[in-house]
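J.: Let's see this in three dimensions:
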Amino acid sequence: MQSMTTYATEPSLLTGDQKIQAAVLESLAEAVNHRTWFAGMATPYLGAHPIEVGSGLGDYALEWLPYVDRFTATEADPERLVDLKQRFADDPRVEARELLLPTDSYGDHTALVSYNVLEHIEDDVAALRSMARLVQPGAPMVLVVPAFPIAMSKVDVATGHWRRYTRRTLTEVATAAGLTVERMEYVNSLGFICYFITARLLGMSPKGGVMMRVYDSLVTPITRRLESRLRPPFGQSVLAVLRRPTLPG
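T.: Reported below is the predicted structural model:
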């Protein structure tokens, strides 16, 4: 069965300074090792036709395309949506659509992925319920969100973050939304230390360039190897794999 998604027009805001958000996205685009590492966390769950909530520039979508038959990329920001559509205009497997949360939209996608989106939405329980309606019963929802309120910085506020999460608080939100928690863990422990020092203590904003590339080429591979062997007690992000409950009977 082909997945069909319908989209409502009632929006809730993904807030924040769009220029700062764009700068963060562009800096992350240079972090190739980071992106391939985080993309790999969701790859086993994708199925034939996943949907991504908050595709940004489409960098993660490009990482996942080799593993799927079709891909639905969504974006709330109108300007980024234009760029997203242009980027995938020549690929018939990709549908780029507007999506704002919470929403009454529904679909039957094989999985949902959403990286660094939920923290932008005031009513995160309603947002998760909306996400669950986009996938088949029993399908996985893979989320990455920023971790630890203690790390809340001017960068978080400027980019429209309502909050940062812990494993406990994200579990509570997922449970309130009626979802089953399959995995809930911290990732990128060394990244948390660097972010806490630079953004929280020094008030610096993430930037691309030489330092980003050096960090990505040296520190990220070390962090990835360490965390493949040992689950860290803290991290820059929380990785969650949630499930929409299966239908009774």
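J.: any idea which helix or strand comes after the helix or strand containing Val145?
T.: Here Val145, judged by DSSP states H and E, is contained in strand 140-146. The first helix or strand that comes after strand 140-146 along the chain, using DSSP H and E, is helix 154-158.
J.: Pull out the CA atoms of that following helix and give them to me as CSV.
T.: Extracted in CSV, the C-alpha atoms of helix 154-158 (Å, rounded to 0.1, in the frame of the first residue of the first chain):
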residue,chain,number,x,y,z
LYS,A,154,21.2,32.2,24.5
VAL,A,155,21.6,30.1,21.4
ASP,A,156,18.7,27.9,22.5
VAL,A,157,16.5,30.9,23.2
ALA,A,158,17.5,32.7,19.9
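J.: What residues sit buried inside that helix?
T.: Using 16 or more other CB atoms under 10 Å as the test for burial, helix 154-158 gives Val155, Asp156, Ala158. In short, each C-beta sits where N, CA and C put it, glycine included.
J.: Just to be sure, Gly47 is in a strand?
T.: No. Gly47 sits outside any strand when classified using DSSP: H, G, I helix; E, B strand; the rest coil, being coil.
J.: need the contact list for it.
T.: Val68, His109, Thr110, Ala111, Ala139 (CB atoms under 8 Å, 6 or more residues apart in numbering).
J.: Within the sheet, what are the partner strands of the strand holding Val145, with directions?
T.: strand 112-115 (parallel), strand 237-243 (antiparallel) (DSSP bridges).
J.: Those: which one's closest to Ile197?
T.: strand 237-243 (16.6 Å; CB to CB).
J.: State the mean pLDDT of that closest one.
T.: The average pLDDT within strand 237-243 is 99.
J.: Show me the contact partners of that strand.
T.: Under CB under 8 Å, 6+ apart, the answer for strand 237-243 is 41, 45, 116, 128, 138-147, 165-167, 170, 174, 179-188, 191.
J.: mind listing what's buried in that strand?
T.: Ser237, Val238, Leu239, Ala240, Val241, Leu242, Arg243.
J.: Buried residues, the longest helix along the chain. List them.
T.: Scanning the chain for the helix with the most residues, using DSSP state H, yields helix 210-229. For helix 210-229, the neighbour count (16+ other CB under 10 Å) marks Met212, Tyr215, Asp216, Val219, Thr220, Thr223, Arg224, Glu227 as buried.
J.: since we're on the closest residue to Val144 other than its chain neighbours, how many residues are nearby?
T.: The shortest distance from Val144 to any non-neighbouring residue, by CB to CB, 6 or more residues apart in numbering, is to Tyr115 (4.4 Å). Using other CB atoms under 10 Å, Tyr115 has 24 neighbouring residues.
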